[in-house]
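Trainee: sequence unknown, structure follows:
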């Protein structure tokens with residue numbers, strides 16, 4: 001189905017590369033009227049995303065954002081409101097509370113947090129990453145209780161291994177890739193578009209009754225963690 005997001009105004013944080021880049025472009029392709037692209041460090045990447053959004057005939061706003069600073073978060077939403085209108089979709093990939101609460105001031109919409117299978121499965125050497133993703137998962141659950149009566153749905157996407165710059169060594173070296181996908185039942189990593197198709201669905205009206213839960217997009221990885229013990 002095309003045009004599932006017509007009339008929506010989306011903010012996609014960290015959309016200068018990887019999954020969030022693909023998500024911003026997919027939202028534009030699916031008819032979202034406007035997409036706000038946030039910049040942290042990669043200005044060139046954010047500009048590329050914004051240009052691809054515009055190629056689909058949609059408006060794109062570029063906005064700097066450091067999600068560790070609540071004042072910057074507030075400024076982002078004020079700017080988006082002034083330039084584009086009221087945010088109806090937020091795709092958030094940071095483990096802090098403030099972004100969700102600013103978006104939660106709207107009276108209707110969707111918040112999609114992007115976590116990881118590592119919200120459930122710890123990984124040696126990645127304590128900070130796993131803790132942040134686990135915290136974001138619980139933020140989703142808490143916000144789902146707080147925002148339900150305001151007609152704002154909140155949900156998680158938890159990807160497994162995805163072929164983005166985050167996994168550049170595996171992209172560059174077939175042997176590393178083969179080793180890393182060995183524990184995935186489907187024996188492959190995901191392409192970014194396989195995550196964004198889920199994001200489009202969750203942002204659409206078709207998913208209005210999906211609330212407070214996580215959708216795993218991982219090739220079965222989380223189901224296989226106990227094998228061989």
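Mentor: That came in fine, so what should we check first? These numbers come from a predicted model, not from an experiment. Residues are numbered from 1 along each chain as shown.
Trainee: all strands of the chain, in order?
Mentor: 9-12, 34-39, 59-64, 89-92, 109-114, 152-159, 214-217 (DSSP state E).
Trainee: just put these in JSON lines and tack on distance to residue 51 and mean pLDDT.
Mentor: Backbone N, C-alpha and C define where each C-beta goes, glycine included. Listed next are those as JSON lines, based on distance: least, CB to CB, whole Å; pLDDT from 0 to 100:
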{"stretch": "strand 9-12", "distance to residue 51": "15", "mean pLDDT": "92"}
{"stretch": "strand 34-39", "distance to residue 51": "10", "mean pLDDT": "86"}
{"stretch": "strand 59-64", "distance to residue 51": "8", "mean pLDDT": "86"}
{"stretch": "strand 89-92", "distance to residue 51": "19", "mean pLDDT": "92"}
{"stretch": "strand 109-114", "distance to residue 51": "22", "mean pLDDT": "95"}
{"stretch": "strand 152-159", "distance to residue 51": "25", "mean pLDDT": "96"}
{"stretch": "strand 214-217", "distance to residue 51": "27", "mean pLDDT": "97"}
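Trainee: which one of these is the most hemmed in?
Mentor: The highest mean neighbour count among those, using mean count of other CB atoms under 10 Å, belongs to strand 9-12: a mean of 28.
Trainee: and it, what other elements does it pack with?
Mentor: helix 18-29, strand 34-39, helix 70-83, strand 89-92 (3 or more CB pairs under 8 Å, 6 or more residues apart in numbering; DSSP states H and E).
Trainee: picking up where we left off before, nearest to residue 49, out of the strands of the chain?
Mentor: Taking CB to CB, strand 34-39 is the member of the strands of the chain nearest to residue 49, at 4.9 Å.
Trainee: counting by contacts, list what that closest one packs against.
Mentor: Counting by 3+ CB pairs under 8 Å, 6+ apart, strand 34-39 packs on strand 9-12, helix 18-29, helix 43-55, strand 59-64, helix 70-83.
Trainee: now that strand and helix 18-29, what's the angle there?
Mentor: Strand 34-39 and helix 18-29 are oriented at 160 degrees to each other (axes from the mean of the first three to the mean of the last three CA atoms, to 10 degrees).
Trainee: which one is residue 45 nearest to, not counting chain neighbours?
Mentor: residue 16 (3.4 Å; CB to CB, 6 or more residues apart in numbering).
Trainee: show me what contacts that neighbour?
Mentor: 37, 38, 39, 40, 41, 42, 43, 44, 45, 46, 48, 49 (CB atoms under 8 Å, 6 or more residues apart in numbering).
Trainee: from these, list the buried ones, please.
Mentor: By neighbour count, with 16 or more other CB atoms under 10 Å, the contacts of residue 16 hold 37, 38, 39, 40, 42, 45, 46, 48, 49 as buried.
Trainee: touching, residue 24 and residue 53? I think so.
Mentor: Yes. Contact criterion CB atoms under 8 Å: residue 24 and residue 53 qualify, at 5.9 Å.
Trainee: what do those two both touch?
Mentor: Common neighbours of residue 24 and residue 53 (CB under 8 Å, 6+ apart) are 35, 37, 60.
Trainee: now those residues in JSON lines, with distance to residue 152?
Mentor: Output for these, formatted as JSON lines (distance: CB to CB, whole Å):
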{"residue": "35", "distance to residue 152": "19"}
{"residue": "37", "distance to residue 152": "22"}
{"residue": "60", "distance to residue 152": "24"}
